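Undergrad: quick one, structure for this:
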Amino acid sequence: TTARKRRAPGTSAPRPTSMPLTLTRAVARKPLMLCQVDDRHLALEGDTGAVGRLTVADDGVTVDIKGRQYGGRIYPGPTCMIATLGPSEAKVVGMTNEVCVLDLQRDVMGELGGIITGDADGEEVGDEDAEAAEDRAKLTRKAPKISTK
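TA: Numbers count the residues shown, from 1 in each chain. Okay, the predicted model is just below:
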């Protein structure tokens with residue numbers, strides 16, 4: 001018998017209602033940490049590469065993402081699988097049975113308190129009064145330009 005097929009949203013090709021789920025030994029042995037972060041200010045849309053730092057200690061885990069530091073402990077939890085869905089099969093890309101609930105501990109960038117605007121030459125400064133900006137400008141000298149001609 002053939003499985004009934006439904007159309008995938010936004011496509012004209014039908015998607016099977018049942019497909020094989022594959023798991024490799026490499027994935028089964030790969031360490032994975034599932035973190036729960038309840039922070040509406042955490043935004044990683046469009047970010048790639050290094051976005052933070054993970055620190056593991058005897059008393060817990062600290063995750064620093066864009067200057068926002070979250071802390072928590074790792075607890076046993078339900079088995080969670082992360083799978084990619086292809087047109088004809090699903091592949092498990094990670095699984096874990098632990099969860100780390102992270103709470104905001106410190107917002108380093110927020111503690112700076114000011115908004116700095118301007119260009120690389122320091123022509124424009126925000127969040128300072130005009131007199132302080134003038135005094136700072138008098139003390140700052142520009143580096144000489146070096147020609148390679």
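
Undergrad: flag the shaky bits of the protein, pLDDT-wise.
TA: 1-16, 114-149 (pLDDT under 70).

Undergrad: now the helices for it?
TA: Assigned by DSSP state H, the helices in the chain fall at 25-29, 108-112, 130-139.

Undergrad: let me know how buried Met19 is, in neighbour terms.
TA: By other C-beta atoms under 10 Å, the residues close to Met19 number 14. C-betas here are computed from N, CA, C, even on glycine.

Undergrad: contacts only, for it.
TA: By C-beta atoms under 8 Å, 6 or more residues apart in numbering, the residues touching Met19 are Leu85, Gly86, Ser88, Glu89, Ala90.

Undergrad: of these, just say which sits nearest to Arg106.
TA: Leu85 (37.8 Å; C-beta to C-beta).

Undergrad: roughly how far does that closest one sit from Glu45?
TA: 21 Å (C-beta to C-beta, to the nearest Å).

Undergrad: neighbour-wise, which of these two wins?
TA: A direct count of neighbours by other C-beta under 10 Å for Leu85 and Glu45 places Leu85 higher, at 12 against 4.

Undergrad: once you drop chain neighbours, what's closest to the more buried one?
TA: In space, and not counting its chain neighbours, Leu85 is closest to Met19: 8.0 Å by C-beta to C-beta, 6 or more residues apart in numbering.

Undergrad: Val37 reaches Gln105, doesn't it?
TA: No: with contact defined as C-beta atoms under 8 Å, Val37 does not reach Gln105; the gap is 11.6 Å.

Undergrad: hey, what's Tyr75 bridged with?
TA: Applying DSSP bridges to Tyr75 gives these bridge partners: Val99.

Undergrad: what residues does it make contact with?
TA: Tyr75 touches Glu98, Val99, Cys100, Val101, counting by C-beta under 8 Å, 6+ apart.

Undergrad: what subset of those is buried?
TA: Buried members of the contacts of Tyr75, counted by 16 or more other C-beta atoms under 10 Å: Val99, Cys100, Val101.
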